[in-house]
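Peer 1: Okay, predicted coordinates and the sequence, questions at the end:
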Amino acid sequence: MPSPGFLAQVTDWAHSLLDEIILPGDTLLDLTAGNGHDTLFLARRMGETGTLLAFDVQPAALAASERQLRAADFSPRRIDAPQRIARPGIYLIADSHHCLDRYLAAEVRAAIANLGYLPGSDKRVMTRPETTEAALRLTLDALAPGGRLAVVAYCGHPGGEEETAAVQALFAALPAAEFDVLQLTAANHRCAPLLLVAERRPVEIA
Ligand SMILES: C[S@@+](CC[C@H](N)C(=O)[O-])C[C@H]1O[C@@H](n2cnc3c(N)ncnc32)[C@H](O)[C@@H]1O
């Protein structure tokens with residue numbers, strides 16, 4: 001099977017769909033920092049007054065993300081204990097994403113969760129349906145009107161299919177009066193990654 005071309009790269013679609021709604025001063029979340037590609041994308045978009053919280057449970061992932069950010073002239077701070085983060089900046093948080101409410105101090109404009117395991121690392125350390133679902137629910141609750149949560153889920157590793165199904169079920173059950181949900185995947189690639197984006201509907205002015 002050939003590797004996916006540009007059209008089938010759902011992480012790029014995730015970035016585009018978040019890019020169009022981010023405003024200066026927003027609070028942004030990366031629920032799975034990993035090698036820092038998504039964190040760097042958000043860091044480039046947030047401006048000087050924004051706040052970016054990036055979570056990972058693996059020290060190697062936080063170190064890789066920090067390297068990426070510093071190479072691009074950002075100055076992230078490491079957070080090793082729960083605390084509300086109210087000041088602008090980039091924060092690399094050594095904790096599971098399902099504990100994000102111990103850190104969050106504002107509504108979230110844009111969030112991304114790129115699920116699975118850290119490429120090139122211990123594949124046993126991967127996102128799991130229960131904690132993923134808890135983190136996604138907290139993020140959905142914290143989304144500002146017009147804010148978006150993008151999730152990329154993979155089915156090719158052990159447990160991936162179950163996690164993808166759990167995320168799909170969670171997004172499909174979101175009330176249409178409160179959220180719009182987009183589902184995007186390559187239709188002709190076997191076991192292609194799935195992108196789900198939920199947007200909290202903007203408040204309607206009567
Ligand atoms: C596919 S990688 C993320 C890729 C990353 N966003 C990037 O741009 O490179 C998935 C990451 O999720 C992390 N992870 C697994 N369980 C987690 C949890 N409960 N909370 C936060 N991160 C977790 C893994 O350590 C791994 O680094």
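Peer 2: Great, that's in hand. What you see is a predicted model; the values in this text were computed from it and never measured. Numbering: from 1, shown residues only.

Peer 1: List, one by one, the residues from the chain near the ligand.
Peer 2: Neighbours of the ligand within the chain, by CB under 6 Å from any ligand atom: 32-38, 55-58, 61, 96-97, 114, 116-118, 125-127, 131. For every residue, glycine as well, the C-beta is placed using N, CA and C.

Peer 1: Could you tell me which of these belong to helices?
Peer 2: H37, D38, A61, T131 (DSSP state H).

Peer 1: among those, which ones are buried?
Peer 2: Buried by 16 or more other CB atoms under 10 Å: D38, A61, out of those.

Peer 1: what ranges do the helices span in this structure?
Peer 2: Using DSSP H, helices in the chain cover 10-19, 37-46, 59-71, 129-142, 160-172.

Peer 1: Hey, what's the angle from the longest one to helix 160-172? Just curious.
Peer 2: Okay, so that is helix 129-142. 20 degrees (axes from the mean of the first three to the mean of the last three CA atoms, to 10 degrees).

Peer 1: tell me what helix 129-142 is packed against?
Peer 2: If you count contacts as 3 or more CB pairs under 8 Å, 6 or more residues apart in numbering; DSSP states H and E, helix 129-142 packs onto strand 108-114, strand 143-153, helix 160-172.

Peer 1: Give the rounded mean pLDDT of it.
Peer 2: Taken as a whole, helix 129-142 has a mean pLDDT of 98.

Peer 1: And the closest residue to G146 other than its chain neighbours, how far from the ligand?
Peer 2: Nearest residue to G146, sequence neighbours excluded (CB to CB, 6 or more residues apart in numbering): P202, at 4.5 Å. Using CB to the nearest ligand atom, to the nearest Å, we find P202 at a distance of 27 Å from the ligand.

Peer 1: What is the neighbour count of A177?
Peer 2: 6 (other CB atoms under 10 Å).

Peer 1: I figured it hits R201, correct?
Peer 2: Yes. Judged on CB atoms under 8 Å, A177 makes contact with R201 at a distance of 7.3 Å.

Peer 1: and A110, which of the helices of the chain is closest to it?
Peer 2: Closest to A110 of these, according to CB to CB: helix 10-19, at 4.3 Å.

Peer 1: so what does the closest one touch, helix or strand wise?
Peer 2: Of the remaining helices and strands, those touching helix 10-19 by 3+ CB pairs under 8 Å, 6+ apart are helix 37-46, strand 108-114, strand 143-153, strand 179-185, strand 194-200.

Peer 1: Same list (the ones you listed) but as CSV, adding distance to A206.
Peer 2: Shown next, in CSV, are the helices and strands packed on helix 10-19 (distance: least, CB to CB, whole Å):
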stretch, distance to A206
helix 37-46, 32
strand 108-114, 24
strand 143-153, 15
strand 179-185, 20
strand 194-200, 18
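
Peer 1: For the protein, which residue gets nearest to the ligand?
Peer 2: G34 (2.5 Å; CB to the nearest ligand atom).

Peer 1: Surely that residue touches A63?
Peer 2: No. Between G34 and A63 there is no contact under CB under 8 Å: 11.3 Å.

Peer 1: where are the low-confidence patches of this structure?
Peer 2: Filtered on pLDDT under 70, the chain yields the residue ranges 1-4.

Peer 1: any idea how far N188 is from G5?
Peer 2: Here the criterion is CB to CB, to the nearest Å. By it, N188 lies 11 Å from G5.
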